[in-house]
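Colleague: sequence and predicted structure are below.
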Amino acid sequence: MESLEQIRERLLARFPDAALTVIANPGPAGQPSLLVGSPHAASIAAFLRDDPALRLDYCSNVTGVDWPDREVVETIKRTVPPPPPAAPADPSAPPVTPKVIEEKVKRHIPGYFEVVYHLYSMALKHGPVILRTRTADRTDPASLPSLTPIWRACEFQEREVYDLFGIRFTGHPDLRRILMWDEFKDYPMRKDYVEPDDYEWEPTPHGAVLDKARRHYPAPPESR
């Protein structure tokens with residue numbers, strides 16, 4: 001199978017206005033992924049499915065990721081030229097080497113949500129190709145295009161991402177909660193989610209849940 005860089009180059013030839021970035025993976029798996037801009041996500045997905053050399057006809061996994069606002073510290077090297085000589089330079093003196101200074105710089109990265117798709121070809125027996133889509137920020141309503149019309153296997157998995165992260169998939173045929181009940185508020189997999197302190201709905205409270213429930217519903221006084 002082609003490398004991800006080669007796939008990206010072919011996609012850019014077909015979709016010259018698309019935003020396509022190869023994201024390196026520093027983890028043990030070392031599998032890079034392709035970040036796709038939302039406006040071209042559905043068209044690029046169809047290309048990956050239908051291209052004769054790729055035929056990525058199966059989506060095995062859809063995952064949501066929450067990236068809150070964060071600061072990263074980067075090391076920047078800066079070259080400081082030597083000061084001009086106070087007297088005429090001595091031709092026999094060794095050249096003065098410029099000083100290299102390392103500086104720590106903090107950089108703010110605004111938060112966003114991502115959805116990650118793992119794609120395989122059942123026909124050609126290769127993969128995975130990892131596709132990412134990303135929201136502009138973490139404000140609601142967070143929205144990304146659905147890839148269920150391209151790969152039917154995405155349907156329930158995109159519903160799960162919607163249910164747990166609150167990402168709304170435009171073009172999804174049946175977007176509704178799949179794990180939590182309809183009246184449930186908020187999205188439990190977001191990094192800033194705060195679990196409710198009132199566990200009235202817990203049918204069999206135990207452990208820490210039982211301790212919280214007791215604070216709201218103390219045991220009745222013992223009868224005499």
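Modeller: Arrived safely, thanks for sending. Numbers count the residues shown, from 1 in each chain.
Colleague: return the set of buried residues in the helix or strand bottoming out on mean pLDDT in the chain.
Modeller: Scoring the helices and strands of the chain by mean pLDDT, DSSP states H and E places helix 207-216 at the bottom, with a mean of 76. By 16 or more other C-beta atoms under 10 Å, the buried positions in helix 207-216 come out as 212-213. For every residue, glycine as well, the C-beta is placed using N, CA and C.
Colleague: and for stretch 123-143?
Modeller: In terms of neighbour count (16+ other C-beta under 10 Å), stretch 123-143 has its buried residues at 127-135, 138, 142.
Colleague: do the same with stretch 108-116
Modeller: 112-116.
Colleague: closest to residue 212 out of the residues you listed?
Modeller: Nearest to residue 212, judged by C-beta to C-beta, of those is residue 113 at 29.1 Å.
Colleague: now do the SS call for that closest one.
Modeller: strand (DSSP: H, G, I helix; E, B strand; the rest coil).
Colleague: wait, residue 79 sits on residue 97?
Modeller: No: Residue 79 is beyond contact range of residue 97, at 10.0 Å (criterion: C-beta atoms under 8 Å).
Colleague: Provide the secondary structure category for the nearest residue to residue 177 once chain neighbours are set aside.
Modeller: In this structure, residue 177 finds its nearest non-sequential neighbour in residue 163, 4.6 Å apart by C-beta to C-beta, 6 or more residues apart in numbering. Here residue 163 is recorded as helix under three-state DSSP.
Colleague: residues in contact with residue 163?
Modeller: The neighbours of residue 163, taking C-beta atoms under 8 Å, 6 or more residues apart in numbering as the test, are 177-180, 187.
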